[in-house]
Each structure stands twice: as structure tokens, then as C-alpha cells.
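**Student:** Generate coordinates for the sequence data below:
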Amino acid sequence: MNILVSLISLFWITRTIKSVLFWIYLWQLKEYHTGRFVDHFRTEKGKRLIFGFLPIAKIVLLLLIFINNYFLYLLLCLYIIESFSFAYGAIKKQIKKPVFTLKTALLTIISVLIIGLYFLLFQNYEEVVFFLLIFDILTPVIISIIVLFIEPIFVLMRNSILEKAKSKRKRFANLKVIGITGSYGKTSTKEFLTTILSSKFNCLATPEHKNSEMGIAQTILDSLDEKHQIFIVEMGSYDKGGIKLLCDITKPQMGIVTGINQQHLSTFGSMEALFLAEGGVELFQSLPKNGLFIINGDNKYCLNLYKNTRANKKFYTLRGDKVSSDIWAEEISVHKEFLDFLVMTKNKETAHIHANILGEQNIQNLLGAIILAKELGMSLGEISEACKKIKPEQAGISMKKGIFGLDIIDSSYSSNPDGVMADLNHLNVWAGKRKIVIMPCLIELGDKSSKIHLEIGKKIAETCNMAIITTKDKFKEIKNGTLLVNSSTKIVFSEKPKEILNLVTTFCKEGDVVLLEGGRPKELIKLLIK
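**Tutor:** Okay, here's the model as predicted:
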């Protein structure tokens with residue numbers, strides 16, 4: 001019996017290390033935001049973490065071990081399987097583990113120390129397995145308590161960094177700061193604007209998708225210096241007051257709100273709170289009296305929020321027949337790998353714009369960047385030349401050559417309702433070809449989720465021959481929406497990369513197109529893209 005318990009203890013350590021790494025990874029993925037972390041358990045994958053086969057099996061084993069010690073052998077088998085699964089995943093580099101930071105390192109060290117100290121509770125071999133299994137079952141709770149316990153330390157550290165960034169920003173009195181927020185299109189608009197303005201000014205922009213207070217503060221501390229004339233800041237938040245905090249640090253004189261939808265509604269709690277933050281109200285209120293505010297006039301929420309405000313504001317729209325648009329596009333020509341259009345202004349200025357980016361939706365993002373660049377003194381001619389330097393990857397959607405001559409549209413960073421609809425619309429460029437979308441259900445949409453996924457299903461039916469949905473959460477709603485419009489569109493659920501590959505290769509032929517929408521496993525991308 002002593003040997004059996006020793007073996008269980010040994011394999012328990014291995015599988016517990018895997019579990020600890022996973023739960024720290026999940027907290028980091030959700031940016032240590034309690035609302036986002038809790039919302040994860042409303043998804044199908046999240047529910048499986050708590051109510052799946054393994055958690056339930058271990059609770060049952062906890063009870064059965066009291067009845068008969070022979071069930072210890074079953075527990076040993078279970079731990080051996082988990083341990084070898086961990087080892088195999090490590091060899092294949094498929095383990096979900098946190099990205100190394102000071103915080104994740106501290107969390108890991110504390111967790112490992114607690115695992116070691118936990119053995120001190122054991123008085124005899126009969127107690128060992130019971131306590132090991134209890135720790136196993138409660139690991140998500142234990143790691144969450146550790147995260148919340150050390151959070152005040154990192155809040156103090158964060159506040160110190162934010163104050164240093166705010167203090168450094170104050171030293172640059174002549175620096176022009178542009179804040180960009182919205183539920184979608186922030187990153188693309190920031191990238192386009194940076195490329196355009198950099199052709200004339202010395203610009204600094206927040207890197208990649210670093211739009212939180214720490215990412216912005218670190219950019220100021222590490223990169224901002226006297227040579228910079230313009231600082232372009234992408235601003236994101238999951239809470240009321242989040243954008244105001246970023247504005248207090250950066251002091252923007254100009255702002256852009258790219259559009260509002262229900263993305264992250266579950267973390268904000270209400271559309272009113274969402275309007276204040278990602279809806280741009282906090283950014284708008286933080287601008288000086290003579291500050292300039294650029295607004296997407298095609299977005300109904302933006303239009304309702306700002307159409308009656310008395311301020312120095314400008315509207316951009318895809319076409320010139322909405323609101324009192326200051327800039328719009330005409331003679332739009334959407335191609336597989338580039339966009340052409342004429343930009344028109346209220347003052348009857350015009351220029352031809354050619355950009356090597358995908359999707360008509362990016363014309364809107366370009367217009368927001370163009371109008372602000374024009375307000376900063378660039379001519380439309382200068383802007384037109386600068387737009388030619390924009391790279392495809394800056395648009396957040398790019399085309400790649402896939403296996404067997406397939407065209408792969410990679411829009412796999414993240415998804416929101418408007419982004420999904422726009423990407424699906426882009427598939428219409430492939431006239432006469434088979435079209436497949438591979439996507440997960442969207443998350444953090446609150447009580448609007450079912451309706452949104454029904455509408456996504458309808459759009460899939462209009463644009464695709466097949467949809468492969470990789471999460472179950474709102475699969476039924478997507479399928480129902482598709483059937484309402486076109487019963488011939490094939491809707492399939494699959495979360496296994498090799499199974500998805502088989503579905504794609506048996507359905508498509510050379511020249512057909514596959515849209516990768518939203519977060520996709522790296523393994524699938526490697527299988528599909530040359």
C-alpha cells in the first residue's frame with residue numbers, strides 16, 4: 001500500500017504542475033480581470049473545466065476511496081494518463097502555460113511552495129491520497145486565491161509605473177497626442193494613421209495590441225523622447241473609467257472613436273458603461289476645449305451619442321449620403337489583395353487612394369486616419385502617397401497561400417460582431433468559388449449573444465458554402481440563422497485541427513477560399529498555410 005500511495009504522490013506532482021501552469025495561463029489570458037475570468041465559465045470550454053469528465057470523475061473517486069482502497073489503483077491510472085499527457089504536450093510544445101513575466105513567475109513560485117508545504121499536512125499514508133485529491137479538485141480555487149492575494153502588491157507596482165509615465169508625459173509640452181478607442185477597428189486605424197503621419201512627422205505609436213494602462217505606460221517610459229512630435233495611442237478597457245485613466249496619463253488633444261458594438265458587454269455590465277469607455281465618451285470628455293474628435297458616422301451608436309454635441313468634431317462615412325459627413329469614399333473597388341477608391345471631402349477636395357490591404361471595412365479605418373492626418377496639415381496628395389506604404393498585415397486581415405492552391409484569409413487575431421460580418425462580406429470577391437469560414441463562437445457579448453450569433457448565421461448563409469464552428473457555445477444559434485436563409489450551406493462543429501483539415505480538403509479545390517476568423521489553434525494554421 002505504501003508503494004501505491006508513493007506512486008500516486010509522484011504522478012500527482014506532475015499533473016498538479018500542469019494544472020497550476022494552466023490556471024495561471026488562463027488568468028493571464030484574461031488579463032487578471034475577474035469579470036473576464038468568470039465569464040469564461042459561461043462558455044462550453046469553461047464549463048468543461050468544472051463539470052467535465054475529469055473533475056466529476058475525481059469527485060466520485062474521492063467518495064469511492066472511502067468505500068474500498070482498490071479504487072486507489074484507478075486513481076493511479078488516471079494520474080499516470082494525465083502525467084504522460086503533460087509530457088507529450090511538452091515535447092510537442094502544446095502545453096498551455098503563461099508567458100513569463102514577473103507576475104507569472106511569482107505566482108508559479110508561490111504555487112510550487114504551497115504544493116511542497118501541502119505535504120506537511122499529512123500524518124499518515126491513509127490521509128495522503130485524500131488530501132492530494134482535495135488539492136487536485138480545488139486547484140482552480142487555490143490558484144485564484146493566490147492571484148487575488150498578490151493582486152494588491154501588483155496594483156501598487158502598477159500605480160507607481162503609471163505615475164512615472166504620467167510624470168514623464170508632462171515633460172513634453174509640445175507633444176501632440178492622439179487617442180483611438182472603440183469596440184473594433186482600433187488597431188488598424190492606429191496602424192494606418194502611424195504610417196501616414198510618419199511620412200511627414202516623427203511619430204511614436206503604442207505597439208501591436210498593447211492598449212492597456214501598463215502597455216501604454218511602458219511605451220512612454222521606454223520609448224518616448226524629445227524627437228517625437230506625435231504620440232498615437234490605442235486605448236482599450238473592460239471597465240467604466242478605464243479610458244479616462246489612460247487619458248489622465250497621456251493627455252490627448254485629439255481622439256478617434258472607430259465604432260461601437262456589443263463586444264465585451266458582459267464585462268462592462270451595460271451598454272451605458274460600454275459607451276463611456278470604448279464608446280469614446282471618456283475620451284471625448286478628456287479632450288481640451290479646442291480638441292478635435294473624429295467619429296465614425298456609419299456606426300449608429302456613435303451617431304446617436306455625438307450628433308448633437310457642440311464640439312470640434314468631424315464625421316467620416318463610407319459614403320457621402322449619411323449625416324453631415326466631412327469625408328467619404330467614392331468609386332470604391334475592392335479586390336482580393338488591395339483597395340482602390342476616391343476620397344472626397346466636404347470642401348470638394350479629392351484624391352485617389354490605393355492600399356494593399358483587404359476588406360471594404362478597412363476603407364472606414366483609412367478614412368478615420370486620413371481625416372485626422374489632413375487636420376494635422378497633410379495634403380490629400382501626401383496622404384495618398386503615404387497610403388501606398390501601408391502593409392497588408394497592418395489591417396489585421398491578410399491573404400496567404402494555402403495548401404492545394406487554396407486562398408487563405410487570415411483574420412485570426414480576434415473577433416467582434418462587426419468584424420465577422422465585414423470579413424464574411426469580403427468573401428464575395430471570390431465569385432464562383434467555394435467559400436469556407438472557420439471560426440469560434442464569439443465571447444463576452446452578454447445577453448445579446450444569441451441574437452448576434454443568429455445574425456452571423458444568416459450572413460454565413462449569404463456568403464459561404466460551408467462553416468466550421470470550433471466552439472459549441474452558440475453553435476445552435478449560428479446553425480438556425482443559416483437555415484433561415486439557405487439550407488444548402490453546410491454547418492459543421494469540429495474543434496480538432498486534423499479533422500478540420502480533412503473537411504476543408506475534401507470540400508474545396510484549387511482557387512477556393514478559406515476564412516480563418518477569430519482565435520485559431522496554431523496547429524490548424526500550420527496545416528492550412530504553406
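
**Student:** Let's verify F37: helix, strand, or coil?
**Tutor:** Secondary structure state of F37, per DSSP: H, G, I helix; E, B strand; the rest coil, is helix.

**Student:** Local confidence estimate at the residue nearest to it when sequence neighbours are not counted?
**Tutor:** Residue nearest to F37 in three dimensions, not counting chain neighbours: K30, with 4.5 Å by Cβ to Cβ, 6 or more residues apart in numbering. Yep, even glycine has a C-beta here, placed from its N, CA and C like the rest. Predicted confidence (pLDDT) for K30: 92.

**Student:** In contact with K30, which residues are there?
**Tutor:** 36-37, 40 (Cβ atoms under 8 Å, 6 or more residues apart in numbering).

**Student:** Just the closest of those residues to Q364, please.
**Tutor:** Closest approach between these and Q364, by Cβ to Cβ: R36, at 27.3 Å.

**Student:** shouldn't the closest one be in contact with T267?
**Tutor:** Yes - assessed by Cβ atoms under 8 Å, R36 is found in contact with T267 at 5.5 Å.

**Student:** Comparing those two, which shows the higher neighbour count?
**Tutor:** The neighbour count for R36 versus T267, taken as other Cβ atoms under 10 Å, is higher for T267 (23 against 19).

**Student:** The more buried one belongs to a helix?
**Tutor:** Yes - using three-state DSSP, the assignment for T267 is a helix.

**Student:** Go ahead and confirm it touches T34.
**Tutor:** No - using Cβ under 8 Å, T267 is not in contact with T34; the gap is 9.4 Å.

**Student:** Can you show me the helices along the stretch 201-350 of the chain?
**Tutor:** Secondary structure of the stretch 201-350 of the chain (DSSP state H, counting those that start in this stretch): helices at 213-223, 242-250, 265-268, 271-276, 281-286, 300-306.

**Student:** The longest one vs helix 242-250, what angle?
**Tutor:** Meaning helix 213-223. 20 degrees (axes from the mean of the first three to the mean of the last three Cα atoms, to 10 degrees).

**Student:** care to break the chain down by domain?
**Tutor:** 2-152, 171-394, 398-528 (automatic domain parsing).

**Student:** Would you format these as a markdown table with distance to R158 included?
**Tutor:** Output for those, formatted as a markdown table (distance: least, Cβ to Cβ, whole Å):
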| stretch | distance to R158 |
| --- | --- |
| domain 2-152 | 10 |
| domain 171-394 | 6 |
| domain 398-528 | 23 |
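
**Student:** mind listing what's buried in stretch 457-472?
**Tutor:** Buried residues in stretch 457-472, defined by neighbour count with 16 or more other Cβ atoms under 10 Å: 457-461, 463-472.

**Student:** low-confidence ranges in the stretch 101-250 of the chain?
**Tutor:** 122-126 (pLDDT under 70).

**Student:** ok now do K448, which residues does it touch?
**Tutor:** Applying Cβ under 8 Å, 6+ apart, the residues near K448 are 262, 265.

**Student:** do that again at 6 Å, thanks
**Tutor:** Taking Cβ atoms under 6 Å, 6 or more residues apart in numbering, we find K448 in contact with Q262.

**Student:** cool, L342 as well?
**Tutor:** Going by Cβ under 6 Å, 6+ apart, L342 touches 330-331, 350, 352.
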